[in-house]
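A.B. asks: sequence and predicted structure, then a few things I'm wondering about:
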Amino acid sequence: MKHIRNFCIIAHIDHGKSTLADRMLQATRTIRDRDFRDQVLDDMDLERERGITIKSHPVTMNYRAKDGTIYEFNLIDTPGHVDFTYEVSRSMAACEGALLIVDAAQGVEAQTVANTHMAVDQGLEIIPILNKIDLGNADVDGCARQIEDVLAISMDDGLQISAKTGKGVEEVMEAIVRRVPPPATDEADKQTRALVFDSVFDAFKGVVTYVRVFDGELRAGSKAKLMGSGKETTLKEVGIFTPKPDPVKVLKAGQVGYLVGTIKEPSDIQAGDTVTTADRHMAKEALPGFKKMLPMVFSGLYPVNTADYEKLKHSLDRLRLNDSAFSYQQESSAALGFGFRCGFLGLLHMEIVQERLRREFNVDIINTYPSVIYRIKLTNGKLENIDNPVHLPELSRIEHIEEPMIKAHVLCHNEHIGDVMRLIRDRRGLVDRTESIDTLRVMLTCTLPLNEILIDFHDKLKSVSRGYSSMDYDYAEYMPSDLVKLDILVNGELVDAFSCLIHKSKAEARGRALCKTLKDSIPQHLFAVPIQAAIGKTIIARETIRALRKDVTAKLYGGDYTRKMKVLEKQKAGKKRMKQIGSVNVPQQVFVSVLKTD
């Protein structure tokens, strides 16, 4: 065990995490030159296009150090986005050390701060690394001061590298050998415990579980038990990643690898669970830190063509096999027909799922306005959680409504601080404190309602700061809020897909904006169509789509004036009758345009 080193790489998006992993794979000759490609550990096209890591990818490397000893390096590549914070924390729990990478041209960013705090909480040995020092605009000394001032990490033993050219990568490998402690185990206890930090579904093998063994050993052919779910399985195969799955006879304490058992349902395996053997070495206590991943953002997904409902259902089933954090259930809408209510970890997670449905499964979908889980305190003292405004109880039964809050850290330039604070105030946020990072940048710590950042907050933040701001957030507690349900009526009929819960102070502006958007988007009919925004039974905004006027007198040629009046009166009566029995056609594009309403 003294020759094993388990570590992860933490960094902000596009600071060179995957590039450094590529150089390490080449330096240890883990991957052959003919099999090599940039971002080896990023499998999805989406990951490679956006330059982000969505799924964590472990890999085992054998490194011959300068002292001649061969060390086993287990690298656990982690996602960098806030939506996958829990998965990052479980990946960190499987390590003893972390490489903290900071772009020498951009400096410390919001996600760098958040991930570093998480690594410190896990008790990891952190090795600070300044990357991209070969760039012309790299500020090495300035970034080193930021790491010391903001993150409170000494740069006396910090490393300076260029992952792209490979400069300084060997020093990183030697620093891992020297500074990352080897794994420790309680050999006297004789119990077996392994931490689950991820899982994927394989069409031939079933669920493949990624684990880090802390105590004992896991051997192919033995019986294993998941302590969180209580499920038992027979291990058909155990192995390591090099970076492809490579079967071995046994996984020993300190090693990182995978298990293949008889479990076929991905939902039975959850990140943070503990695997033990179902024999005399069964563990009495699970490893700490396990919790169920609950979705935070909900949205309805509907097929553009109603005939594609079964295709969408099949696509969601297959997508969920490789993403256990994604959940869905059937629902129906009067306007959109049959679809699914889906739960996501956050906005990026929602965007990725929708993009994968379009690309990998070729399904055209419409998503309804995203919402969060609201907590409803009823007059009889009961608490109800709702994720869809349609299910809101009657107002007479509600004592108050609570909404989820977030604690956000926003990094911006000094010159943009006024615009950023104005944006936060517009979204009902409070700035708790400001901290100067250096002469150019400042970090704002603020509290915001999660509902206010759902659609375009990040875009607006980048816009007001000319692209220089970055943001990271953690989920905070629920707080009572003056929320109302805003309904949209088209020709007097409620369209449930447009309903949303919104703060009372913003309801009228939102209602007017929605009515105006719908007026511009819904085509004209042969009768006037009123579009109304309502809170309960009170109409707060209205627009009217004018009737499409057909010239019924065009075919008349001369004659008495009463002939013309007779035809016009007949048209008028027809319009009146049509208004009573006619239905309004709302095209699918209208639902997309409503999402973009400012």
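C.D. replies: Nice, thanks for sending it over.

A.B. asks: so where's the stretch 251-400 of the chain uncertain?
C.D. replies: 290-294, 321-322, 324, 334-335 (pLDDT under 70).

A.B. asks: tell me where it has helices.
C.D. replies: 309-321, 347-360 (DSSP state H, counting those that start in this stretch).

A.B. asks: buried deepest among the ones you listed, which one?
C.D. replies: Per residue and on average, the most neighbours among the helices of the stretch 251-400 of the chain fall to helix 347-360, with a mean of 19 (mean count of other Cβ atoms under 10 Å). For every residue, glycine as well, the C-beta is placed using N, CA and C.

A.B. asks: then that helix to PDB, C-alphas only?
C.D. replies: Provided in PDB are the C-alpha atoms of helix 347-360 (Å, rounded to 0.1, in the frame of the first residue of the first chain):
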ATOM      1  CA  LEU A 347     -29.500  24.000 -15.000                       C
ATOM      2  CA  LEU A 348     -26.400  22.500 -16.700                       C
ATOM      3  CA  HIS A 349     -27.600  19.000 -16.000                       C
ATOM      4  CA  MET A 350     -31.000  19.900 -17.600                       C
ATOM      5  CA  GLU A 351     -29.300  21.400 -20.700                       C
ATOM      6  CA  ILE A 352     -27.100  18.300 -21.100                       C
ATOM      7  CA  VAL A 353     -30.000  15.900 -20.800                       C
ATOM      8  CA  GLN A 354     -32.000  17.800 -23.400                       C
ATOM      9  CA  GLU A 355     -29.100  18.000 -25.800                       C
ATOM     10  CA  ARG A 356     -28.300  14.300 -25.500                       C
ATOM     11  CA  LEU A 357     -32.000  13.500 -26.200                       C
ATOM     12  CA  ARG A 358     -31.800  15.600 -29.400                       C
ATOM     13  CA  ARG A 359     -28.400  14.200 -30.500                       C
ATOM     14  CA  GLU A 360     -28.100  10.600 -29.400                       C
END
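
A.B. asks: the inter-axis angle of that helix versus helix 309-321?
C.D. replies: 120 degrees (axes from the mean of the first three to the mean of the last three Cα atoms, to 10 degrees).

A.B. asks: which other helices and strands does helix 347-360 contact?
C.D. replies: If contacts are counted by 3 or more Cβ pairs under 8 Å, 6 or more residues apart in numbering; DSSP states H and E, helix 347-360 sits against helix 45-50, strand 297-303, helix 309-321, strand 337-344, strand 365-367.

A.B. asks: again, only this time at 6 Å
C.D. replies: With contacts defined as 3 or more Cβ pairs under 6 Å, 6 or more residues apart in numbering; DSSP states H and E, helix 347-360 has no helix or strand neighbours.

A.B. asks: quick one: closest of the helices of the stretch 251-400 of the chain to V120.
C.D. replies: Minimum separation from V120 across the helices of the stretch 251-400 of the chain (Cβ to Cβ) falls at helix 347-360, 24.4 Å.

A.B. asks: quick one: that closest one to strand 337-344, angle?
C.D. replies: Using the same axes, to 10 degrees: helix 347-360 against strand 337-344 is 130 degrees.

A.B. asks: that older thread, can you add distance to R178 and give the helices of the stretch 251-400 of the chain back as a markdown table?
C.D. replies: Compiled in a markdown table, those are given as follows (distance: least, Cβ to Cβ, whole Å):
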| stretch | distance to R178 |
| --- | --- |
| helix 309-321 | 41 |
| helix 347-360 | 36 |
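
A.B. asks: which one, of the ones you listed, ends up nearest to A65?
C.D. replies: helix 347-360 (38.4 Å).

A.B. asks: the lowest-mean-pLDDT helix or strand in the chain: what's the following helix or strand?
C.D. replies: When each helix and strand of the chain is scored by mean pLDDT, DSSP states H and E, helix 45-50 comes last, with a mean of 54. Later in the chain than helix 45-50, the nearest helix or strand by DSSP states H and E is strand 57-64.

A.B. asks: which strands and helices sit next to that next one?
C.D. replies: When contacts are defined as 3+ Cβ pairs under 6 Å, 6+ apart, strand 57-64 sits against strand 70-77, strand 237-241.

A.B. asks: and that strand, what's buried?
C.D. replies: In terms of neighbour count (16 or more other Cβ atoms under 10 Å), strand 57-64 has its buried residues at H57, P58, V59, T60, M61, Y63.

A.B. asks: now render these as CSV, adding distance to A144 and pLDDT.
C.D. replies: Below are the buried residues of strand 57-64 laid out as CSV (distance: Cβ to Cβ, whole Å; pLDDT from 0 to 100):
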residue, distance to A144, pLDDT
H57, 30, 75
P58, 30, 83
V59, 29, 85
T60, 32, 86
M61, 28, 86
Y63, 27, 84
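
A.B. asks: can I get the residues you listed in a markdown table including distance to K2?
C.D. replies: Converted to a markdown table, the buried residues of strand 57-64 look like this (distance: Cβ to Cβ, whole Å):
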| residue | distance to K2 |
| --- | --- |
| H57 | 26 |
| P58 | 21 |
| V59 | 21 |
| T60 | 17 |
| M61 | 17 |
| Y63 | 14 |
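
A.B. asks: the strand ranked longest in the chain to strand 297-303, inter-axis angle?
C.D. replies: Longest strand in the chain, counting residues (DSSP state E): strand 398-413. Relative orientation of strand 398-413 versus strand 297-303 (the same axes, to 10 degrees): 90 degrees.

A.B. asks: surely I531 is in contact with C515?
C.D. replies: Yes: using Cβ atoms under 6 Å, I531 is in contact with C515, at 4.9 Å.

A.B. asks: now do the shared contacts for the two.
C.D. replies: E543 (Cβ atoms under 6 Å, 6 or more residues apart in numbering).

A.B. asks: middle-most residue in the chain, spatially?
C.D. replies: With distances taken as Cα atoms, centre = their mean, the residue of the chain nearest its centroid is H349 (3.0 Å).

A.B. asks: from S521, how far off is it?
C.D. replies: As judged by Cβ to Cβ, to the nearest Å, H349 and S521 stand 28 Å apart.

A.B. asks: and V169, by the same measure?
C.D. replies: 54 Å.

A.B. asks: what does E477 give?
C.D. replies: Using Cβ to Cβ, one gets 38 Å for the distance from E477 to S521.

A.B. asks: tell me the SS of the closest residue to Y210 other than its chain neighbours?
C.D. replies: Closest residue in space to Y210, ignoring its immediate chain neighbours: D198 at 4.2 Å, by Cβ to Cβ, 6 or more residues apart in numbering. Assigned with DSSP: H, G, I helix; E, B strand; the rest coil, D198 falls in the strand class.

A.B. asks: you'd agree D198 is up against T209?
C.D. replies: No: D198 is not in contact with T209 according to Cβ under 6 Å; the separation is 8.0 Å.

A.B. asks: quick one, which of these two is more surrounded?
C.D. replies: The neighbour count for D198 versus T209, taken as other Cβ atoms under 10 Å, is higher for T209 (28 against 23).

A.B. asks: who does the more buried one form a beta bridge with?
C.D. replies: T209 has these beta-bridge partners by DSSP bridges: S199, L259.

A.B. asks: for it, what are its contacts?
C.D. replies: Listed by Cβ under 6 Å, 6+ apart, the contact partners of T209 are V196, S199, L259, I269.

A.B. asks: dump these to CSV, plus neighbour count and distance to G142.
C.D. replies: Shown next, in CSV, are those (neighbours: other Cβ atoms under 10 Å; distance: Cβ to Cβ, whole Å):
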residue, neighbour count, distance to G142
V196, 24, 41
S199, 21, 42
L259, 26, 46
I269, 26, 45
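
A.B. asks: could these be laid out in a markdown table, adding distance to K537?
C.D. replies: A markdown table is the format used below for those (distance: Cβ to Cβ, whole Å):
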| residue | distance to K537 |
| --- | --- |
| V196 | 52 |
| S199 | 50 |
| L259 | 58 |
| I269 | 49 |
